[in-house]
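*Asks:* Task: produce atomic coordinates for the following.
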Amino acid sequence: MGNDAATIEAAAAAEGPAAADTAFVRAHTEPGPVPFVPEVRLRMAEDAIALWELTERARGAEGLAPPFWAFPWAGGVAVARYVLDHPELVAGLRVLDLAAGSGLVGVAAALRGAAEVRAAEIDAYAVASIAVNAELNGVAVHAELADVLDGDGAPCEVVLAGDVFYERAMAARFLPFLERAAARGATVVVGDPGRAYLPRGRFTALAEYAVPVAADLEDTAVKTTTVWSLRP
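*Replies:* Numbering: from 1, shown residues only. So this is what the prediction gives:
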């Protein structure tokens, strides 16, 4: 990708931030089927650390979050697998893919007949990635750059989230949002590969999968991952 990638990004930068972000995503990823959910194709990177360093240089900042949008994470893969196998969860309904990353879960919901899919992210690269991946799969997913955690996800009737309980501070924000969504009647489903901050007593297990993951992202090549439903 090298010089070609730099040329593409420079040309896109002249068109504005959104075009530059999309060019960055395309330049540093390659399309392919997702392991364990081959029905979905994503643009993915090979080297997490190298891409992380590239994003920091591109933004001119250090300490950025990892490029969650460039890899299929175990929690999202498990939720996507569950949605693909249980289309009745989303068919004909409005769906929110929360902290969507690559948009994997939202794409799976769209493929299984969701009436509308919103994918919320706070990373502009992720928003670009979601749009690119939706196009790659021939589905409509509305990607939005927004922190929605002070709300309740309305009017979406289904809220899906993959792997959002990996840090204490994150869990402290995500759980109240999910509880508010459930309290207004939304179905809330999350995927979790054994993170420390998932309050398991609030959830009911729906399925368990052995999910293959990128070796440089996790401590093992396969993560046992559970799909959970939040109790109303």
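*Asks:* Check which element follows the longest helix seen in the chain along the chain.
*Replies:* Taking DSSP state H as the criterion, the chain has its longest helix at helix 168-183. Counting by DSSP states H and E, the element after helix 168-183 in chain order, helix or strand, is strand 187-192.
*Asks:* Can you give the distance of that next one from its chain's centre?
*Replies:* In terms of Cα atoms, centre = their mean, to the nearest Å, the centre of strand 187-192 is set 13 Å apart from its chain centre.
*Asks:* just checking, what packs against that strand?
*Replies:* helix 74-85, strand 158-162, helix 168-183, strand 222-230 (3 or more Cβ pairs under 8 Å, 6 or more residues apart in numbering; DSSP states H and E). C-betas here are computed from N, CA, C, even on glycine.
*Asks:* got the ones you listed as JSON lines, with mean neighbour count and mean pLDDT columns?
*Replies:* Converted to JSON lines, the helices and strands packed on strand 187-192 look like this (neighbours: other Cβ atoms under 10 Å; pLDDT from 0 to 100):
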{"stretch": "helix 74-85", "mean neighbour count": "26", "mean pLDDT": "98"}
{"stretch": "strand 158-162", "mean neighbour count": "27", "mean pLDDT": "97"}
{"stretch": "helix 168-183", "mean neighbour count": "16", "mean pLDDT": "97"}
{"stretch": "strand 222-230", "mean neighbour count": "20", "mean pLDDT": "97"}
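*Asks:* For these, give me a markdown table that also has distance to residue 102.
*Replies:* As requested, these are arranged in a markdown table below (distance: least, Cβ to Cβ, whole Å):
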| stretch | distance to residue 102 |
| --- | --- |
| helix 74-85 | 8 |
| strand 158-162 | 10 |
| helix 168-183 | 18 |
| strand 222-230 | 16 |
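*Asks:* between those, which gets nearest to residue 63?
*Replies:* Among those, the nearest to residue 63 by Cβ to Cβ is helix 168-183 (14.9 Å).
*Asks:* what residues go with each domain of this structure?
*Replies:* Listed domain ranges for the chain are 2-67, 70-230 (source: automatic domain parsing).
*Asks:* Show me the least confident stretch of these, going by mean pLDDT.
*Replies:* Of all those, the minimum mean pLDDT falls on domain 2-67 (a mean of 81).
*Asks:* my guess is residue 152 meets residue 188, correct?
*Replies:* No: the criterion here is Cβ atoms under 8 Å, and residue 152 misses it with residue 188 at 10.5 Å.
*Asks:* mind listing the helices for this protein?
*Replies:* Under DSSP H, the chain gives helices at 2-13, 17-27, 48-59, 74-85, 104-111, 124-137, 168-183.
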